[in-house]
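Asks: Pasting the sequence and the predicted model now:
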Amino acid sequence: MNGASPVLIGFLVAAAAILVVMAAIARTTIEPPETQAVVTSAGYQLRKGWLWALAAAAVVALAISLPSFPYGKSATLTGQHFTVIASQYSFELPPVVPAGKNIVFDVTSKDVNHGFGIYDERGHLIAQVQAMPDYVNHLPLRFSVKGHYVVRCLEYCGIAHAAMQGAFEVR
């Protein structure tokens, strides 16, 4: 095997390991079959072990990720506030918002529920919140990139929903 690539060597080792496992499985079929009671009992014991292992893994994953959850934490609402009013089929937006400063969009609706989604110049969604009648949602942001941003409705609000959009500049 002079000059054999690492991929070939890895493949041969994996193939040999698979052959050993298959031979071991084949060897167990030589013995007479076990009764259903023995197989069922062993299966339930194995299933119980897997249940406890998966439950322990889920608890560990939850304990590790829980501090990162945003729920229950209030957003910082410091900064300049801009009122946004959605209505069928338009947005009342500020024409310009400042770059590099904390701002808060105070988003509401005049009529039905709307989605308020902000897209950057590449078409990527960077923030979103619901616009609901008789309720104000606060969307704190800090724009670090100057440019033209498009706002689109993200919730079906009527027949002209697909055309509902607005825009503002970040300077």
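Replies: Structure received. Numbering: from 1, shown residues only.

Asks: Where does the prediction get shaky in this protein?
Replies: Applying pLDDT under 70 to the chain flags residues 1-3, 72-76.

Asks: ok, which stretches of it are strands?
Replies: With strands called from DSSP state E, the chain shows them at 80-87, 90-92, 96-97, 102-109, 114-119, 125-131, 137-142, 147-152, 165-170.

Asks: now the residue nearest the centre of the chain: how far from A58?
Replies: With distances taken as Cα atoms, centre = their mean, F69 lies nearest the centre of the chain, 12.2 Å away. Computed as Cβ to Cβ, to the nearest Å, the F69 to A58 distance reads 15 Å. Every C-beta, even on glycine, is put in place using the N, C-alpha and C of the backbone.

Asks: partner residues bridging V97?
Replies: In this entry, V97 is beta-bridged to V170, by DSSP bridges.

Asks: isn't it right next to F168, touching?
Replies: Yes - V97 lies in contact with F168 (Cβ atoms under 8 Å); the separation is 6.0 Å.

Asks: Phi, psi for the residue sitting furthest away from the middle of the chain please.
Replies: In the chain, P32 marks the outermost C-alpha relative to the chain mean, sitting 51.0 Å out by Cα atoms, centre = their mean. Backbone torsions of P32, given as degrees, to the nearest 10, read phi -70, psi 150.
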